[in-house]
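A.B. asks: Sequence plus predicted model, see below.
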Protein chains: 2
Amino acid sequence: MSIYLDNAATTPLSAEVLAAMLPYMKVHYGNPSSIHMIGRKARTAVERARRSIADCLQASVGEIFFTSGGTESNNLALKGAVRDLGVRHIITSELEHHCVLHTVEMLEKAYGVKKYFVSQSEKGHLDLTSLEQLLQDLSNKDGQVLVSLMHGNNEIGNLLDLDAVSIMCQNYGALFHTDTVQTFGFYPIDVQKTKVHFLTGSGHKLHGPKGVGFLYINDEINIQPNMLGGSQERNMRAGTENVYGIVGLAKAATLAHEQIVENEAYISDLKHYLMEELQQMIPDVQFNGDPSGRSTCKVLNVAFPANKESELLLLHLDIAGICASGGSACSSGVDVGSHVINALQLDNNSINIRFSFSKYNTKEELNILLEKLKTILKINTLDTKTI
Amino acid sequence: MSIYLDNAATTPLSAEVLAAMLPYMKVHYGNPSSIHMIGRKARTAVERARRSIADCLQASVGEIFFTSGGTESNNLALKGAVRDLGVRHIITSELEHHCVLHTVEMLEKAYGVKKYFVSQSEKGHLDLTSLEQLLQDLSNKDGQVLVSLMHGNNEIGNLLDLDAVSIMCQNYGALFHTDTVQTFGFYPIDVQKTKVHFLTGSGHKLHGPKGVGFLYINDEINIQPNMLGGSQERNMRAGTENVYGIVGLAKAATLAHEQIVENEAYISDLKHYLMEELQQMIPDVQFNGDPSGRSTCKVLNVAFPANKESELLLLHLDIAGICASGGSACSSGVDVGSHVINALQLDNNSINIRFSFSKYNTKEELNILLEKLKTILKINTLDTKTI
């Protein structure tokens, strides 16, 4: 029996989502581009899914494009912006996901794009004054500016003020791309109120399937596809549609939005419970990011004091059946530490572990985690609580 | 009740494949990049799947890279060859899939690559003398040559002699990419015997899932990824792996290879039965491509004599519950006719319908099709058979 506290890496597929997908795996197997009955059934499902995603964002259906996931969506937004929209300057941050950072690096090398990092606080918040300064400096230069900043950080959970950034981008005529892979379905986003040009979402972070995501592209702008071939996705993304993936993504998004307030309250309660219990148990524990401040409910990045007990903590937790993470899953195994934690330039010598939660977690699971931590870290409760 | 004769567009997911996928949808939902138990379970599944695909081709596991499908694989091979391997000349044919043709067009425009078409016969066979002439002419020019030719044509079914092309490419030092989306799992391919540099396969054409495919990359060559981000697929394709998709693709490929001889015999028998019955029923029927010659068992592209009965034949078949195609699914709805049929420059004024078969089709289904055709085309059997 395992306890899964790595929901920022991926989430269990929900039973309702699987149930929605199965008819398209068993019966309605058509290619949506086929014009016969079986194809039309698949086409209808894809277009209904597009409507669902659009509704979650208050977007129009023509602004939603299905992809193979968040990475592909971010690649498409960034490359499209540079290739087709005259972008010569990209403002981003050191705390972004590698699929943004590495794509921007490629665009620097291959297209001569200039990159600028918004500075961040020790708590991992981006400095919006620094962003505004960059926008102002660039307003005198040639070439379109793109701001690419994620909504919720996958490692430390910090939330960006999308509205403030959106308004700033509008004031300076910059394009705005936001990766909402960690927040879509957890925090409401209304593109009518918060203007963005590109917005990325993924299925498997909200109890939907892997291998599917979407890119919202504001209908004011036009980019060319990265994936060339057939005319699928109105010529924006060639390749036979992953019909059950798309159906599953839409179902997961719809369920998440129906329960968005309750889920946030429930998951947030889990996070704060774990925070408080850890503080009680380990007086010198710290938290990376700003979990008491502007932060997603999903992520708690704990800085355990380094000592011989905590050294192999993640491994001991794994042996005890508890799944957590030392950084983003995409960087795991690459033993260079987390680029996000490194960017915060913290001087503490800590063992950093990311616990990330879902609606399927319970306080009972967290109590088991706390008990295991006591054992692994050899904490005598009498020492740490006032009796 | 419908009869599905559009298996070149997509195939029903087999029950065995779905059964193999379900544990990874229900239980082993981990992110393969996570180092904990649940992640490792997913990682093991992905690597076992890679072994299965490699075994089907006699490749090494390090040569198999999972993608979101055939289109992505073809895009990766072509762009990688130009960007990273010095390719300046691409020899291809007018009969390729749009995901090859449109990518080559982009490479012409964006990278100044030169494109050359191998000529083809009226029956849709590529002229290997023309290929050799092109290779010879280009051997005096600067820049690497890439030959990109599909193994089995998706619209007319013609098979390329992979061995002959492979040897020719080796003789002239050209790289060889082949799209085997229509033939992988239907005809044995041994990359130890038939040297290729890139080979593309897809899940949903062999009763596997949509949204997943692979690219074989010969380990003699090194290209950079198109999809940038995490270090998945040994830095060749970023993005969380579509674990159940990959498991399903591998299962489908393994099943197909276990039954490759029987399936080919069975499906081939269906094709020839339909051919013969059509010839009996409609004396002036013709077939596009060369279904009696070097051709896949899967596809029969029928040229019905044009008349007022056959004009809306596909629509009438659809109403009768029979799913077939007027061209490739990827081009359906785009009312410009098939680029493959157009390229053959046939002077017949015919209604072209592609019937494509799978192991799940039966002669009983074909008999129903034949009966429906009689009714729709108002054929009096007494007129067409000698009594």
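C.D. replies: Noted; the coordinates are in hand.

A.B. asks: Show the end-to-end separation of stretch A:88-96, please.
C.D. replies: Distance across stretch A:88-96, first residue to last, is 19 Å (Cα to Cα, to the nearest Å).

A.B. asks: Stretch A:92-100 now?
C.D. replies: Criterion Cα to Cα; first-to-last residue distance in stretch A:92-100 is 9 Å.

A.B. asks: And stretch A:157-175, by the same measure?
C.D. replies: 24 Å.

A.B. asks: Repeat that for stretch A:133-151.
C.D. replies: Stretch A:133-151 end-to-end distance (Cα to Cα) = 20 Å.

A.B. asks: same deal with stretch A:205-218?
C.D. replies: Length of stretch A:205-218, first residue to last, Cα to Cα: 23 Å.

A.B. asks: Show me the helices in the stretch 151-300 of chain A, by range?
C.D. replies: A:162-171, A:232-235, A:243-258, A:260-281 (DSSP state H, counting those that start in this stretch).

A.B. asks: which one of those helices has the most crowded surroundings?
C.D. replies: Compared across the helices of the stretch 151-300 of chain A, helix A:243-258 shows the largest average neighbour count, a mean of 26 (mean count of other Cβ atoms under 10 Å in any protein chain shown). All C-beta spots, glycine's among them, are computed from the backbone N, C-alpha and C.

A.B. asks: As CSV, could you dump the C-alpha coordinates of that helix?
C.D. replies: Provided in CSV are the C-alpha atoms of helix A:243-258 (Å, rounded to 0.1, in the frame of the first residue of the first chain):
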residue,chain,number,x,y,z
VAL,A,243,-9.5,10.9,-29.5
TYR,A,244,-9.8,9.2,-26.1
GLY,A,245,-7.0,11.3,-24.8
ILE,A,246,-8.9,14.4,-25.9
VAL,A,247,-12.2,13.1,-24.5
GLY,A,248,-10.4,12.3,-21.2
LEU,A,249,-8.7,15.7,-21.0
ALA,A,250,-12.1,17.4,-21.5
LYS,A,251,-13.8,15.2,-18.9
ALA,A,252,-11.1,15.9,-16.4
ALA,A,253,-11.2,19.6,-17.0
THR,A,254,-15.0,19.7,-16.7
LEU,A,255,-14.9,17.7,-13.4
ALA,A,256,-12.1,19.9,-12.0
HIS,A,257,-14.0,23.1,-12.9
GLU,A,258,-17.3,21.8,-11.4
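
A.B. asks: follow-up on the earlier one: would you convert the helices of the stretch 151-300 of chain A into TSV that also reports distance to chain B and mean pLDDT?
C.D. replies: Formatted as TSV, the helices of the stretch 151-300 of chain A follow (distance: least, Cβ to the nearest Cβ, whole Å; pLDDT from 0 to 100):
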stretch	distance to chain B	mean pLDDT
helix A:162-171	22	98
helix A:232-235	7	95
helix A:243-258	5	98
helix A:260-281	18	98
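
A.B. asks: What lies in contact with stretch A:374-383?
C.D. replies: A:281, A:282, A:304, A:309, A:310, A:313, A:316, A:317, A:320, A:373 (Cβ atoms under 8 Å, 6 or more residues apart in numbering or on different chains).

A.B. asks: Now intersect those with the strands, please.
C.D. replies: Those of those mapping onto strands are residue A:304, per DSSP state E.

A.B. asks: could I get the contacts of stretch A:374-383 as CSV with distance to residue A:69?
C.D. replies: Shown next, in CSV, are these (distance: Cβ to Cβ, whole Å):
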residue, distance to residue A:69
A:281, 38
A:282, 37
A:304, 32
A:309, 38
A:310, 34
A:313, 30
A:316, 32
A:317, 28
A:320, 31
A:373, 33
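
A.B. asks: Compare the contacts of stretch A:374-383 and tell me which is most surrounded.
C.D. replies: Each of the contacts of stretch A:374-383 was scored for neighbours by other Cβ atoms under 10 Å in any protein chain shown, and residue A:373 scores highest at 25 neighbours.

A.B. asks: That one touches residue A:285, doesn't it?
C.D. replies: No. Using Cβ atoms under 8 Å, residue A:373 is not in contact with residue A:285, being 9.9 Å away.

A.B. asks: Need the overlap of contacts for these two.
C.D. replies: Each of residue A:278 lies in contact with both residue A:373 and residue A:285 under the rule Cβ under 8 Å, 6+ apart.

A.B. asks: Could you list everything the closest residue to residue A:236 other than its chain neighbours pairs with in the sheet?
C.D. replies: Nearest residue to residue A:236 in three dimensions, chain neighbours excluded: residue A:65, at 4.7 Å (Cβ to Cβ, 6 or more residues apart in numbering or on different chains). For residue A:65, the beta-bridge partners under DSSP bridges are residue A:215.

A.B. asks: which stretches of chain A have low pLDDT?
C.D. replies: Scanning chain A for pLDDT under 70 picks out A:327-336, A:347-348, A:381-387.

A.B. asks: Spell out, range by range, the strands that occur in it.
C.D. replies: Per DSSP E, chain A carries strands over the ranges A:3-4, A:64-67, A:87-92, A:114-117, A:144-148, A:175-179, A:198-202, A:213-217, A:286-288, A:299-305, A:322-323, A:350-356.
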